[in-house]
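> Fold the stuff below for me.
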Amino acid sequence: MARIVRVDLVMVDLKPKVKRVDAIQSFVSQETPIVRITDSDGVVGTGYSYTIGTGGHSVMALLERTLAPAIIGRDAYDIESIWRDLLFLTHATTVGAITAIAMAGIDTALWDLKCRKLGLPLHKLAGGAQKDVPLYTTEGGWLHLEEAALVEDALRARENGFGGCKLKVGRPLHEDVRRIAAVREAVGPGFEIFTDANQAFAVDEAIRRARAYEGLDLGWLEEPLPADNISGHIRLSQHTSLPIAVGESLYSVSHFREYLQHHAASVIQVDVGRIGGITPWLKVAHMAEAFNVAVCPHFLMELHVSLCAAVPNARWVEYIPQLDELTTQGMLIENGRARPSDAPGLGIAWDFAAIDRMAVEGSRNTIQ
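Predicted structure coming up:
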């Protein structure tokens with residue numbers, strides 16, 4: 001039995017390579033907490049999570065002062081037990097984004113450590129259901145871009161074998177319809193178009209817009225309403241034939257259960273970094289499978305590719321390059337499909353020299 005003897009913490013602030021604007025915000029910074037856990041055999045597991053510009057220092061403080069000290073001396077294989085104990089330890093701040101993001105850093109590091117000790121890649125240890133997963137791109141669909149740029153990116157994605165693209169919505173309705181229609185005309189019927197409102201609408205406006213979007217053959221309408229408005233999503237789902245996608249702004253397994261039980265969503269976008277790690281991610285994915293609902297996770301493609309390959313109901317991986325500056329090798333893509341790494345661990349080839357070089361001042365801490 002190998003005990004946890006050391007936890008190293010650091011945070012890197014990554015700047016997006018392209019301008020990212022949606023209906024409610026601009027994504028200008030990605031604070032990336034990185035957790036390295038060492039056991040008494042000398043094996044190290046590396047995990048991470050992220051914010052989109054705020055809260056990173058609060059996440060690091062919670063890791064340093066509360067979560068990391070609590071796992072010193074624990075059996076590194078007891079991942080489920082550790083996750084539940086940390087959840088109870090932070091019960092005064094759960095359900096909440098800061099706590100879930102911090103717990104994700106610990107949990108992903110423990111899964112990486114376990115995979116490395118067993119000599120298995122994550123996609124095999126967690127299930128081994130699929131060899132690869134289709135990709136769709138979001139990077140060329142941001143709200144500030146004009147029609148010509150949207151069309152150009154969608155055509156490029158199709159040429160590269162991708163199965164679809166995502167367009168942000170939230171401009172005046174006639175502009176949204178015109179932009180989507182331009183892309184649909186360019187790519188034809190054999191290419192998926194997804195839309196994302198980033199929680200921008202009220203229920204009446206979401207119903208109105210869904211009705212206008214229905215004739216454009218969309219794969220889904222994502223986050224049309226605030227994520228905590230379950231009753232609104234129920235009402236919307238009853239008024240449209242469009243698949244409704246939710247999940248990136250949910251931080252609890254129970255919240256996903258309520259959506260599924262009430263048929264308030266038909267696509268689940270559970271995010272490892274926001275649900276609290278791989279442990280709860282797998283619970284949500286398998287629960288969605290029991291409801292015959294697809295999992296199409298949000299962001300974190302470098303990690304989600306392995307988890308999508310682990311479960312049978314994962315339908316898409318979202319292409320948004322995130323870790324290029326911190327890795328020595330990117331995600332493997334073949335004919336527009338993402339393939340998980342067969343190397344032991346999460347499948348992420350970390351560049352620790354780059355991490356050290358780009359570390360936010362004052363963010364390094366060691367607990368032992």
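> Would you state the helices of the stretch 101-250 of the chain in chain order?
Remark: helices assigned in the stretch 101-250 of the chain by DSSP state H, counting those that start in this stretch are 122-125, 147-159, 173-187, 203-213, 230-239.
> Residue 254 is nearest to which of those helices?
For those, proximity to residue 254 was assessed by CB to CB; helix 230-239 is nearest, at 11.4 Å. Bear in mind the C-beta positions are built from the backbone N, C-alpha and C, glycine included.
> Of all the residues in that closest one, which ones are buried?
230, 232-237 (16 or more other CB atoms under 10 Å).
> now do stretch 172-183
176-177, 179-180, 182-183.
> Domain map for the protein?
Using automatic domain parsing, the domain ranges for the chain come out as 4-119+352-367, 123-349.
> As CSV, those domains with mean pLDDT would be great.
Below are those laid out as CSV (pLDDT from 0 to 100):
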stretch, mean pLDDT
domain 4-119+352-367, 96
domain 123-349, 97
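> And stretch 170-188, how far out from the chain middle?
Put simply, stretch 170-188 sits 26 Å off its chain's centre (CA atoms, centre = their mean, to the nearest Å).
> Stretch 183-195 too?
Mean-position distance between stretch 183-195 and its chain equals 24 Å (CA atoms, centre = their mean).
> Check the separation of the first and last residues in that stretch.
For stretch 183-195, the first and last residues are 12 Å from each other (CA to CA, to the nearest Å).
> and if you look at stretch 156-174?
With CA to CA, one end of stretch 156-174 sits 25 Å from the other.
> how about that stretch: buried residues?
Going by neighbour count (16+ other CB under 10 Å), the buried part of stretch 156-174 is 157-158, 162-170.
> With stretch 326-340 instead?
Burial within stretch 326-340, assessed by neighbour count using 16+ other CB under 10 Å, is assigned to 326-327, 331, 333, 336-340.
> picking that back up, now the helices of the stretch 101-250 of the chain in CSV, with distance to residue 70?
CSV is the format used below for the helices of the stretch 101-250 of the chain (distance: least, CB to CB, whole Å):
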stretch, distance to residue 70
helix 122-125, 24
helix 147-159, 44
helix 173-187, 47
helix 203-213, 41
helix 230-239, 32
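> To residue 134, which of those helices lies closest?
Residue 134 sits nearest to helix 147-159 of all those, at 11.5 Å, using CB to CB.
> thinking again about what came up before, farthest-apart pair in the buried residues of stretch 326-340, please.
Longest span within the buried residues of stretch 326-340, CB to CB: 326 and 336, 24.5 Å.
> list the contacts for the closest residue to residue 210 other than its chain neighbours?
Excluding its sequence neighbours, the residue lying closest to residue 210 (CB to CB, 6 or more residues apart in numbering) is residue 240, at 3.8 Å. Taking CB atoms under 8 Å, 6 or more residues apart in numbering as the contact definition, residue 240 lies against 207, 210-211, 214, 221.
> which of those are buried?
Neighbour counting by 16+ other CB under 10 Å classes 207, 210, 221 among the contacts of residue 240 as buried.
> Output those in JSON lines, with distance to residue 193 appended to each entry.
Shown next, in JSON lines, are the buried ones among the contacts of residue 240 (distance: CB to CB, whole Å):
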{"residue": "207", "distance to residue 193": "20"}
{"residue": "210", "distance to residue 193": "14"}
{"residue": "221", "distance to residue 193": "11"}
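> Just give me the neighbour total for residue 145.
Neighbour count for residue 145, taken as other CB atoms under 10 Å: 19.
> show me the contacts for it.
By CB under 8 Å, 6+ apart, the residues touching residue 145 are residue 153.
> From residue 366, how far out is residue 86?
Going from residue 86 to residue 366 by CB to CB, to the nearest Å gives 19 Å.
> higher neighbour count, those two?
Taking neighbours as other CB under 10 Å, residue 86 and residue 366 compare with residue 86 leading, 21 against 13.
> Could you look up the SS state of the more buried one?
Assigned by DSSP: H, G, I helix; E, B strand; the rest coil, the conformation of residue 86 is helix.
> contacting residues for it?
Residues in contact with residue 86 (CB under 8 Å, 6+ apart) are 67, 70-71, 103, 106.
> cool, residue 206 as well?
197, 221, 224-225, 232, 236.
> ditto for residue 247
Contacts of residue 247 by CB under 8 Å, 6+ apart are 256, 265, 267-271, 284, 297-298.
> ok, the closest residue to it other than its chain neighbours - contacts?
Nearest in space to residue 247, with sequence neighbours left out and distances taken as CB to CB, 6+ apart, is residue 269 at 3.3 Å. Contact partners of residue 269, counting by CB under 8 Å, 6+ apart, are 222, 245-248, 295-298.
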